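Visitor: Could you look at this predicted model? Sequence included:
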Amino acid sequence: MNQPATAPPAPPNPEAVLGSLMSFLGANPFEGAAQFGVELRAHREFYLGRLAARTRLCAAISDAMTAVSYFTKNGVLMVHPCWIQNICSILYLLLLDFESNGGNAETMAVTESVFRSAVRYFLELSGKQADRLCAYLLDIRDRFADMRLKDARFILLELPVGNSLAMRLLEGLLGALLPVVTVTAALNRNDRSQDGITREALLVRELEKAGLKQNDLVVLLDEWKTGTNFHHVCERLTRILPAGVFFFPFALLEALEPSTAKAKKRFAEYAAEHDVILSKVGLSGAEFRRGLPAIESLNLFTQYFFWAENDRMAGYRKMQVHGSFFSSVDSTVELFRSDPATLEEVLRSVWNEMVADGTMVADAEFDEPEVMQVFSQCLADYAARRDKLEHCADDLNAGGVLNDEEVQAYAEKVFARTAAVVEGSSARLVIDAARRHLEAKGGLDPADCYYFDGHAPIAGILEGRAALWHRTTLEFLERRMEALAKLR
């Protein structure tokens, strides 16, 4: 039996959302929060206009404020790092939106200032973990200094985004000892060549750019959660690194005991293999599997490490271009199928634009039943071409670290492939309507950044204000590390 259709949730009220945001800021002690609340009131109409235009951003703020309200009633302080991390995300998105949509110099300066303060406050609240990370990096530096190495290079292996901050810090520390070359490899977790480019192939490709030679020291410092990904990366590196190149894998562990017998057995096996690798360079594996303390009230976080899965903090925008585009369009098409009201709104908007630009005669009327019937045929055409759309750019799956221009050029190739699949068909109208809807609603993130298991992600290097989260975090950690170094 068919289930009755449920009405889509009403969009959040921008005025209510803005009011909640001002209240939240007013209750937080980090520098600039109260000033930003004053700024919101002084330019209320501008902010309301942006929230009305970016309904998904408005909804994200609304959801965050609702969660804050719920947990506050249950005894969780509003200064908890979880909420400050949320406010960092909100302020970051607001900052970039204002920059793109006419925010004045004063607005930009105040928003940037309060964002930087919020990031620093979040890091202060995560201070125990940050300090342990910095101490570990100093220990690594000191151990290499004791080796009195000559005629060698450090080859730092950055795997965005999990170890990017650590690699930036190690560049400075180890650069005082020997020349440093950073190799950046944005890996997938595919190990089957029939499914696309493998992580081993990606490692080989990027390491070749460094021109490895005798006495190079390849340094990897990365997260060890279950240990599986760390193990697979180390396994492949020990196989592909040439003779005379030395491998130093250092691990960052969660300070939690494995919870099951299977997990304990796996940890012991991976640890034994790690011991063997480090013993070849005269180090103890146990010393360099370093656990970091948990952030307070861990149950409120989806990640253990303060930097985990935060590509903006790492200085990148990491995603699959085709996977992000296809998953977003495809999920929007499913929305069209399940939510006739949203579909009608989008089609009316498209109709009005066509009238405005002269594509449609000025007195043409929007006949809802007829237009919806025609579009249902377009949806059927899309469904018939969906498999081709899903795989039309498989051969472009190369990944890599790209600047803005390179990301744009790569995206244009993907979009051209998509256009070729739907050229001359009514399915093109579906994709156009989906893109218009996504643009109008101000999408925050793709439906799935890593939709294809076999595709390699790209790591787009952030620039300008988009890199502000990364720069602020790096500055904080550098100061923290300098303070710890003086105590040694």
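Guide: Happy to help now that I have it.
Visitor: check contacts around the residue nearest the centre of the chain.
Guide: By C-alpha atoms, centre = their mean, the chain has its centre lying nearest to D311, at 3.6 Å. Going by C-beta atoms under 8 Å, 6 or more residues apart in numbering, D311 touches P160, V161, R317, K318, A459. No exception for glycine: its C-beta is placed from N, CA and C like everyone else's.
Visitor: rerun that using 7 Å as the cut-off
Guide: The neighbourhood of D311, defined by C-beta atoms under 7 Å, 6 or more residues apart in numbering, consists of V161, R317, K318.
Visitor: Most neighbours of all these, which one?
Guide: Greatest neighbour count in the contacts of D311, by other C-beta atoms under 10 Å, goes to V161: 23 neighbours.
Visitor: how deep is A427 tucked in, by neighbour count?
Guide: 23.
Visitor: To clarify, my last question referred to L402.
Guide: 20.
Visitor: mind listing what it touches?
Guide: Contacts of L402 by C-beta under 7 Å, 6+ apart are Y410, I458, G460, I461.
Visitor: hey, where'd the helices end up in the stretch 201-350 of the chain?
Guide: 228-240, 261-279, 311-314, 321-338, 340-356 (DSSP state H, counting those that start in this stretch).
Visitor: among the contacts of L402, which are in helices?
Guide: In helices, defined here by DSSP state H, the members of the contacts of L402 are Y410.
Visitor: any chance of the contacts of L402 in JSON lines, with pLDDT and distance to A286 too?
Guide: Below are the contacts of L402 laid out as JSON lines (pLDDT from 0 to 100; distance: C-beta to C-beta, whole Å):
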{"residue": "Y410", "pLDDT": "93", "distance to A286": "43"}
{"residue": "I458", "pLDDT": "94", "distance to A286": "37"}
{"residue": "G460", "pLDDT": "96", "distance to A286": "38"}
{"residue": "I461", "pLDDT": "97", "distance to A286": "36"}
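Visitor: Give me the distance between the closest residue to R337 other than its chain neighbours and L438.
Guide: Distances taken as C-beta to C-beta, 6 or more residues apart in numbering put L379 closest to R337, at 6.7 Å, once the chain neighbours are dropped. Separation of L379 from L438 (C-beta to C-beta, to the nearest Å): 17 Å.
Visitor: what do you get for L484?
Guide: L484 is 45 Å from L438, by C-beta to C-beta.
Visitor: quick one, which of those two is more surrounded?
Guide: Neighbour comparison, L484 and L438: the larger count goes to L438, with 18 against 15 (by other C-beta under 10 Å).
Visitor: Give me the contacts around the one helix or strand that one maps to.
Guide: Using DSSP states H and E, L438 sits within helix 427-441. With C-beta under 7 Å, 6+ apart as the contact definition, helix 427-441 has outside contacts at 55-56, 328-329, 332-333, 346-347, 349-350, 378-379, 381-382, 385, 418, 422.
Visitor: filter those residues to the buried ones?
Guide: Among those, the ones that count as buried by 16 or more other C-beta atoms under 10 Å are 55-56, 328-329, 332-333, 346-347, 350, 378-379, 381-382, 385, 418, 422.
Visitor: which residues touch the spatially closest residue to V281 that is not a sequence neighbour?
Guide: Once flanking residues are discounted, V281 sits nearest to F246: 5.3 Å by C-beta to C-beta, 6+ apart. Applying C-beta under 7 Å, 6+ apart, we find F246 in contact with L217, V218, V281.
Visitor: Tell me the buried residues within these.
Guide: By neighbour count, with 16+ other C-beta under 10 Å, the contacts of F246 hold L217, V218 as buried.
Visitor: Low-confidence ranges, the protein, go.
Guide: Low-confidence segments of the chain, defined by pLDDT under 70: 1-10, 76-78, 297-302, 359-363, 441-445, 447.
Visitor: can I see the domain layout of it?
Guide: 14-125, 128-297+467-486, 318-461 (automatic domain parsing).
Visitor: Adding distance to Q303, write those domains out as CSV.
Guide: Listed next are the domains of the chain as CSV, based on distance: least, C-beta to C-beta, whole Å:
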stretch, distance to Q303
domain 14-125, 10
domain 128-297+467-486, 9
domain 318-461, 15
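Visitor: closest one to F305 among these?
Guide: domain 128-297+467-486 (6.4 Å; C-beta to C-beta).
Visitor: Go through the helix holding L438 and flag the buried ones.
Guide: By 16+ other C-beta under 10 Å, the buried positions in helix 427-441 come out as A427, R428, L429, V430, I431, A433, A434, R436, H437, L438, K441.
Visitor: Then stretch 32-47?
Guide: Applying 16+ other C-beta under 10 Å to stretch 32-47 flags G32, A33, A34, F36, G37, E39, L40, H43, F46, Y47 as buried.
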